[in-house]
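Participant: Fold the stuff below for me.
(one chain, ligands or ions: 1)
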Amino acid sequence: MSTRTSVCELAAAHVLGQRRMKVYFCGSIRGGRDDVHVYRRIVQKLQSYGSVLTEHVSCSELTDRGDVEEVRGGDRAIHDRDVDWLHQADVIVAEVTQPSLGVGYELGRAVDMKKKILCLFRPSSGRRLSAMIRGAEDGEMFTVKDYTEEEVEKVLEEFFNNLNRT
Ligand SMILES: O=c1[nH]c(=O)n([C@H]2C[C@H](O)[C@@H](COP(=O)(O)O)O2)cc1CO
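Facilitator: Predicted coordinates:
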């Protein structure tokens, strides 16, 4: 079964046999935790579609030190765990308003893995999104969506409903 078929079928049913859709959520950690309340809202909504591999990114207790204390093996172990999760993921959702080297790296790796990707950006931040993210939009596998915090659940609903049709 191709990755695309699998994503569509999983999105349609939220489950396939015993397997729930796996979502990888990317959000800034060492890049700054200012938007953690938005990450929380996104992850709560994503959990209605499947299991979120990176729920820790949305935890308000997680500081900009990262989860080094929780993960034995330090930064190398965090990197290897997250790349492994990226391989497992059916879909990637990234909040890209707060610039983060780690999120940019994850997105580059996910493109290489031919994953379906949604990037969410809030223009109200006054920031201008990197051309390497905005310019990666391809109308199929890589989507960039400008949004306001109030409409975040609706934007996610639209994206996951469209996965059913593609
Ligand atoms: O402790 C961590 N745990 C972790 O899972 N990450 C991953 C998940 C996030 O989507 C992304 C954040 O990268 P950064 O820390 O450069 O902002 O990297 C990053 C760190 C710290 O860099």
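
Participant: only C-alpha atoms for contact and neighbour calcs from this point on.
Facilitator: Noted.

Participant: For this structure, which residues are neighbours of the ligand?
Facilitator: Near the ligand, the residues belonging to the chain are 26-31, 66-68, 78, 100-103 when assessed by CA under 6 Å from any ligand atom.

Participant: Which parts of this structure are helices?
Facilitator: Here the chain has its helices, by DSSP state H, at 3-13, 36-46, 74-88, 101-112, 131-134, 152-165.

Participant: So, low pLDDT: which residues of this structure?
Facilitator: Applying pLDDT under 70 to the chain flags residues 1-18, 164-166.

Participant: on that earlier part again, tabulate the helices of the chain (JSON lines), appending mean neighbour count and distance to residue 124.
Facilitator: Compiled in JSON lines, the helices of the chain are given as follows (neighbours: other CA atoms under 10 Å; distance: least, CA to CA, whole Å):
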{"stretch": "helix 3-13", "mean neighbour count": "18", "distance to residue 124": "30"}
{"stretch": "helix 36-46", "mean neighbour count": "19", "distance to residue 124": "13"}
{"stretch": "helix 74-88", "mean neighbour count": "15", "distance to residue 124": "29"}
{"stretch": "helix 101-112", "mean neighbour count": "16", "distance to residue 124": "20"}
{"stretch": "helix 131-134", "mean neighbour count": "13", "distance to residue 124": "16"}
{"stretch": "helix 152-165", "mean neighbour count": "15", "distance to residue 124": "13"}
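
Participant: closest one to residue 144 among those helices?
Facilitator: Closest approach to residue 144 among the helices of the chain (CA to CA): helix 131-134, 6.4 Å.

Participant: which residues sit against that closest one?
Facilitator: 104, 144 (CA atoms under 8 Å, 6 or more residues apart in numbering).
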